[in-house]
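Q: below is the sequence, then the predicted model.
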Protein chains: 2
Amino acid sequence: MSAVSSSLIGNAVFAQSGGPTTVINSSMCGAVLEAMKFPKLFKTLYGAKNGILGVLQEELFDFRKENPADLKALRTTPAAAAGSCRYKVKTEADYARIVGVFQAHNIRYFFYAGGNDSMDTADKVARLARDKNYEMSVVGIPKTIDNDLACTDHCPGFGSVAKYNATMVMESGYDTEALYTTDTTTVQEVMGRNAGWIAGSCGLAHRIEEDAPHLIYVPEIHVSLNTMAAQIREVLARLGRCVIVVCEGCKNEKGQYLAEIGGDFGKDAFGHAQLGGAGEFVANFIEKEIGVKARRNKPGTLQRNGMHWASRTDADEAFRCGREAVRQAAQGTSGCMVTLLRKSNKPYKCVMGLARLSDVANGESLLPRDFMDESGTHISRKFREYLEPLVKGEVKVRMGPDGLPQYARLKRKLVAKKCAEWKK
Amino acid sequence: MSAVSSSLIGNAVFAQSGGPTTVINSSMCGAVLEAMKFPKLFKTLYGAKNGILGVLQEELFDFRKENPADLKALRTTPAAAAGSCRYKVKTEADYARIVGVFQAHNIRYFFYAGGNDSMDTADKVARLARDKNYEMSVVGIPKTIDNDLACTDHCPGFGSVAKYNATMVMESGYDTEALYTTDTTTVQEVMGRNAGWIAGSCGLAHRIEEDAPHLIYVPEIHVSLNTMAAQIREVLARLGRCVIVVCEGCKNEKGQYLAEIGGDFGKDAFGHAQLGGAGEFVANFIEKEIGVKARRNKPGTLQRNGMHWASRTDADEAFRCGREAVRQAAQGTSGCMVTLLRKSNKPYKCVMGLARLSDVANGESLLPRDFMDESGTHISRKFREYLEPLVKGEVKVRMGPDGLPQYARLKRKLVAKKCAEWKK
């Protein structure tokens, strides 16, 4: 964490990084609207098209040239309206280029919403600028559906994906219960390569024994196929149905990703490995080994963009995080990311904090073992208490005259370039 | 269509059949609450557990023994709270058994919510009862997400699945637009074995060229893989991304289901046919033939249970259809299904009608060719005007203290049996 002059005058750039979320635009909305309140400090408010790629390629647009109604509507628009990317900055030349573009456009404030890779980038940009005696403030805004960022109680984006996935598994649970008069299973694959936060959050829907999901598999708890088969058979014997949530990053007892296993159950009749993710693997395994029907539900990218069923807590916190980043920068803060500090659960109270970018960059928050119960296939009371406040409240989306949501799309008219072309 | 005495006194049974929908419980709610208003006519109000199977197995429960709050909450509970089934009544013995169970319980009113197979069953039950001089009224309640029932403008269940799928493809369209900085595609597989109503309805999200979906494939319009590849390449060249809706029942130019093709693109490197549905097939085809990334989104059973994002028009019409069925029966109507007759679009006006069960049973409503545009991959203005009123309005669901919906579950305590055991 470092400080810059609190009277530093210059332009600002806002960028979005990594996988879109339901509420990353809400953060951008909070940041941009707040910056507009300090016209003496923040001059031109640039957006970078497609995150850091937009900086590298000098593709910048001016937020003040956007329709004010669209800017406001970002608060209820999913995905990433400025554009995002998965580009990982690695070379010294790239970092120098970034600072060079900032200098060319007199950008003194860099607001970056993203996960730990993005905070690493932001940290290195801040350090390089300091080395070059280019005074600027770099503030990170937490964003990830995966909820795996260190130094923060939770991440904007997580509450909404939790609410949406849990609701979907609840609803398809009623379907399984209603229709199938012989033993059947439904497998819902949810996102999460390393962390089981999302998969676990579906457990909120399991209020009583009858309720889906009946089994949850998270990457942190490795499970053998034999154990899995026994657990599924036990639920089938008890309820005649079994709704299973499988995290895409689930692993067997040897630590191999289920999605990549070439074992007996991952092969077709000719011994060739089958394609498909962890959910498809488990569904095939159930049909071949247990011999009952397995329905496949894979919300895929739908789950991280479900603004129609977002958590209001999440959307509001995302907005506040963006706003806080700008307030901090206006006070001279740099080199840190805004965090969420939970003060109490009942009533739920959460305040803004700060963490060093480097601490966030080097950390990873996995699902604590005691957030699952002993069996490892259901959530514990502790996780339930953690989750409930995060999924609460609904967001009223703007509706079009055709009966569907009316989300915003920015014009993103690029400003004139000042630098030589970027050599990738 | 036939008439029974309008002062016929006896018990009633309500049953649900086929795939669950978001609003079939709303129909049951409308029917049961209406029947409670005529206590002199309708004595015991039975529910059949799991549709016609519940009648055959004499598994009946008493709606008046349920919690009144739960009955009311059915209006906003997805799936099929009485239980559904896919059992197809075929034998004379089964039909005799059904009428026998009705006689044993003095059931004089049979309300059956379902699709054309269910209306066929209801029709045959009505005929057999008449042949046996057992006076009873049989009234059908339309239900199917597929929207393929004859004699009705549209079917309760369709508007909600249309709204939900169209919203999901809109949202994942923003995701594709936001994140992917190199050519990419997203494939959303939706339900519909024979009819493209659901796939087509996603087209409502495509307001302008930028908007997803960029291509829609419906079963009624067969498409060769060469044509499909050319269409996808054209969109990629124009927009750099392509969001594709594939109906599960899509067929190639030879009339083969894509999900079952064993052609070059359906085989793995060793020439073995691959598993997976039409969406998986198209995604694999894109990755192998066109060479760009294909994301797979498969809402599966989630799409037919999305009460959190149901169409209010649909939920209300479903309720009215159930209520109308009971009103018709109370007036002596039998042998028919309630239908929806659209009177005007602006303002939207839809009234209740009636059709013979046999006419519904023997018909099937496929997507008219002029509901798609010339290319066959986008919807026409005509289809858009048809769709808009059906998806309008949101339903306020009851929320639990944990931030998730609170749906109802019936106790379904079975009444004493009076018949010998059913011999299947």
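A: Cool, got the structure. Numbering: from 1, shown residues only, chains lettered A, B, ... in the order given.
Q: the helix ranked longest in chain A: what's the following helix or strand?
A: Selection of the longest helix in chain A by residue count, based on DSSP state H, yields helix A:158-179. With elements assigned by DSSP states H and E, the helix or strand that comes after helix A:158-179 is strand A:184-190.
Q: what helices or strands is that following strand leaning on?
A: helix A:158-179, strand A:241-247, helix A:278-285, strand A:293-297 (3 or more Cβ pairs under 8 Å, 6 or more residues apart in numbering or on different chains; DSSP states H and E). Glycine gets a C-beta too; all of them are placed from N, C-alpha and C.
Q: for A:Phe102, give its distance to A:Arg295.
A: For A:Phe102, the distance to A:Arg295 equals 51 Å [Cβ to Cβ, to the nearest Å].
Q: okay, the two: which has more neighbours?
A: Comparing A:Phe102 with A:Arg295 by other Cβ atoms under 10 Å in any protein chain shown, the one with more neighbours is A:Phe102, at 25 against 18.
Q: report the contact partners of that one.
A: A:Val13, A:Val55, A:Arg108, A:Phe110, A:Val125, A:Ala129, A:Tyr134, A:Met136 (Cβ atoms under 8 Å, 6 or more residues apart in numbering or on different chains).
Q: next: A:Phe111.
A: Contacts for A:Phe111 (Cβ under 8 Å, 6+ apart) come out as A:Ala12, A:Val13, A:Phe14, A:Ala15, A:Ala31, A:Val139, A:Gly140, A:Ile141, A:Gly322, A:Ala325, A:Val326, A:Ala329.
Q: list the buried residues of the helix or strand that A:Gly322 is a member of.
A: Per DSSP H and E: A:Gly322 is located in helix A:312-330. For helix A:312-330, burial by neighbour count (16 or more other Cβ atoms under 10 Å in any protein chain shown) applies to A:312-330.
Q: residue numbers of the stretch 251-400 of chain A in contact with chain B?
A: With Cβ under 8 Å from any Cβ of the partner chain as the criterion, the stretch 251-400 of chain A comes near chain B at residues A:268, A:270, A:272, A:274-276, A:280, A:284, A:295-302, A:304-309, A:311, A:384, A:388-394, A:399-400.
Q: list buried residues within the residues you listed.
A: So, by 16+ other Cβ under 10 Å, the buried ones in those are A:268, A:272, A:274-276, A:280, A:284, A:295-302, A:304-309, A:311, A:384, A:388-394.
Q: near A:Ala212, how many other residues are there?
A: Neighbourhood size, A:Ala212 [other Cβ under 10 Å]: 28.
Q: helices along the stretch 51-200 of chain A, start to end?
A: Using DSSP state H, counting those that start in this stretch, the helices assigned to the stretch 51-200 of chain A run over residues A:51-56, A:68-73, A:92-104, A:116-131, A:158-179, A:197-201.
Q: what's the most buried one of those?
A: helix A:197-201 (a mean of 31; mean count of other Cβ atoms under 10 Å in any protein chain shown).
Q: quick check: what element follows that helix along the chain?
A: Following helix A:197-201 in sequence order, the next helix or strand is strand A:215-217 (DSSP H and E).
Q: avg pLDDT for that following strand?
A: For strand A:215-217, mean pLDDT is 98.
Q: over to stretch A:57-65?
A: Confidence for stretch A:57-65, expressed as mean pLDDT, is 98.
Q: outside of that stretch, which residues touch it?
A: Contacts of stretch A:57-65 (Cβ under 8 Å, 6+ apart): A:13-14, A:32, A:36, A:44-50, A:53-54, A:71, A:82, A:101, A:104-105, A:410-415, A:417-419, A:422.
Q: near chain B too, which of these?
A: Applying Cβ under 8 Å from any Cβ to these, one finds that A:Asn50, A:Leu53 fall near chain B.
Q: ChimeraX command to pick out the buried ones of the contacts of stretch A:57-65?
A: If you want just the buried ones from the contacts of stretch A:57-65 in ChimeraX, going by 16+ other Cβ under 10 Å, the selection is:
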select /A:13,14,32,44,45,46,47,48,49,50,53,54,71,82,101,105,410,412,422
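Q: how near is A:Gly173 to B:Lys392?
A: With Cβ to Cβ as the criterion, A:Gly173 and B:Lys392 are 28 Å apart.
Q: and the worst-scoring helix or strand of chain A on mean pLDDT, what does it pack onto?
A: When each helix and strand of chain A is scored by mean pLDDT, DSSP states H and E, strand A:2-3 comes last, with a mean of 73. In terms of contacts (3+ Cβ pairs under 8 Å, 6+ apart), strand A:2-3 is packed against strand A:333-334.
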